[in-house]
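Colleague: sharing a model that was predicted from the sequence below.
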Amino acid sequence: MVPMESLFALPPKTGGRGDLVCYGCPARRSALCSALDDAEIHFLDAVATRVRVDPGQYLFMEEDPYDHVFNLSGGMLMLERLASDGRRQIMAFTYPGDFIGLGAGKSYSIAARALTPATACRWRMRDIERLYDSFPALERSVREIGNAVLAATMDQVFVLGRKNAMEKLAFFILHHMDRQERLFGKRATVALPMTRGDIADFLGATVETISRAFTRMRKENLIRLADAHEVEVVDCDRLAQVAEHFDT
């Protein structure tokens, strides 16, 4: 079994094909970077800076001035927002290749906090926009990323509004299993570096409700809990059925 620490290992500092780090970056095939081929990617790299955040630290905070966008190149972040009464809503968990920070106002409407050691490329949005005339595919990719974020938000609204706790948790586990298989290949377990409280705040439930759902799934032999942050899916078909509809 590949340990979670190796799964979210940070990318190498050089790419193995000269000095351009992009060639060896896990985000090279992401929606943003794949818009440029290997002969063009250095134009995007030239206007990027690289940042690193440790677990618990913030890449940016809610209400910070909106002046940069980011492409995650290693690790996992969670995007969170505080309500006026102080309650927290987790908006998303991001993986290498995810483009984050797009906004329409003068400040960020969310915060991005690291769950594992994480690295990202950072750009001023206006520097990316200056490349649009030379690379129209880059502009299309940014527009498609915005559409994908909207679609993901609509999916989350549906999950939170129409599913019960078992359905929500099954959907959550299968989503992360799919993302990790796409990025890292098929694994024996699903890595969940977030806490039960983080999962609860994402799914709009209490920690106690999510803990009971995990216990029930384990007792019904849908999953095994390898440890607090590793889940083995025992019966993927049945778990998918639960994610679609669970009869209470």
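Modeller: Looks like it came in fine. Numbers count the residues shown, from 1 in each chain.

Colleague: when you work out contacts or count neighbours from here on, use the C-alpha atoms and nothing else.
Modeller: Noted.

Colleague: now the biggest helix by length in the chain: average pLDDT?
Modeller: Among the segments of the chain that qualify as a helix by DSSP state H, the longest is helix 136-162. What helix 136-162 shows for mean pLDDT is 86.

Colleague: any idea how far it is from the middle of the chain?
Modeller: On the basis of CA atoms, centre = their mean, to the nearest Å, helix 136-162 sits 13 Å off its chain's mean C-alpha point.

Colleague: show me what counts as buried in it.
Modeller: Ala137, Leu138, Glu139, Ser141, Val142, Ile145, Gly146, Gln156, Val159, Leu160 (16 or more other CA atoms under 10 Å).

Colleague: again, but for stretch 32-48
Modeller: Judged by neighbour count using 16+ other CA under 10 Å, the buried positions of stretch 32-48 are Leu32, Cys33, Ser34, Ala35, Leu36, Ile41, His42, Leu44, Asp45, Ala48.

Colleague: roughly how far does the residue positioned nearest the centre of the chain sit from Leu77?
Modeller: Centroid check for the chain by CA atoms, centre = their mean gives Thr94 as the closest residue, at 1.2 Å. Going from Thr94 to Leu77 by CA to CA, to the nearest Å gives 5 Å.

Colleague: ok, Ile173 next?
Modeller: Ile173 is 17 Å from Leu77, by CA to CA.

Colleague: more crowded one of the two?
Modeller: Between Ile173 and Leu77, Leu77 has the larger neighbour count (other CA atoms under 10 Å), namely 30 against 20.

Colleague: looking at it, the more buried one is touching Pro96, isn't it?
Modeller: No: between Leu77 and Pro96 there is no contact under CA atoms under 8 Å: 9.3 Å.
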